[in-house]
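Participant: Predicted model follows, preceded by the sequence.
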Amino acid sequence: FSFLGNWLHHSADVQKYFVLRARKGLITDGLFSRCRNPNYLGEMMIYGSFAAFCWNHPMWWFPWLHLVLVWTCLFYPSWLAKDKSMSRYPQWAQYTSVSGLIVPWPGSGGAAD
C-alpha cells in the first residue's frame, strides 16, 4: 500500500506540475480522469499503511482515529475549497460527473471521453 501510495502521490503531483506549466486550466486526463484528488489519495494510502503497522497492538485504533481526524479536518476542507475554485471552468459539471472526489469513479472512461 505504501509503495502504491507513494507512486500515486508523486505521479499525480508531477502530472499536475508539468500540465499546468504547459497550459492553465482544469486537468481532466491521466490520473485526474476519474479522481479529482489522486495526490491526496496517495497520501492517505501512505499514512494508512503506517497506521496498519499497529494493527496487532491493543491501541490499534489510536493511529486510525488520528488519521480520520486529519483527513476530516484538514484534507476534506481542502478538497471542497479546491472544488469550489475549479467550478469556474465550463467543463466542471461534466468532469465531476465522471470523477470522484477522492475515490476513483467507476463507470465511463473518464473526463477525456
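Facilitator: Okay, I see it. This structure is a prediction, so every number in the text was calculated from the model and none was measured.
Participant: who's sitting farthest from the centroid in the protein?
Facilitator: P58 (30.5 Å; CA atoms, centre = their mean).
Participant: Return the distance of the longest helix that the chain contains from the chain's centre.
Facilitator: Counting residues, the longest helix found in the chain (DSSP state H) is helix 2-22. What separates the centre of helix 2-22 from the centre of its chain is 11 Å, taken as CA atoms, centre = their mean, to the nearest Å.
Participant: again, but for stretch 91-98
Facilitator: Counting by CA atoms, centre = their mean, stretch 91-98 is centred 16 Å from the centre of its parent chain.
Participant: List the buried residues in it.
Facilitator: Going by neighbour count (16 or more other CB atoms under 10 Å), the buried part of stretch 91-98 is Y95, T96, V98. Heads up, the C-betas are built off the backbone N, CA and C, glycines and all.
Participant: picking up where we left off before, which helices and strands does the longest helix of the chain pack with?
Facilitator: helix 38-52 (3 or more CB pairs under 8 Å, 6 or more residues apart in numbering; DSSP states H and E).
Participant: what comes up buried for the helix it packs on?
Facilitator: P38, N39, Y40, L41, G42, E43, M44, M45, I46, Y47, G48, A51.
Participant: what's the distance between F3 and K16?
Facilitator: Distance, F3 to K16, by CB to CB, to the nearest Å: 21 Å.
Participant: Please identify which of the two sits among more neighbours.
Facilitator: Set side by side, F3 and K16 show more neighbours around K16, with 16 against 10, by other CB atoms under 10 Å.
Participant: give the contact list for that one.
Facilitator: I27, F32, N39 (CB atoms under 8 Å, 6 or more residues apart in numbering).
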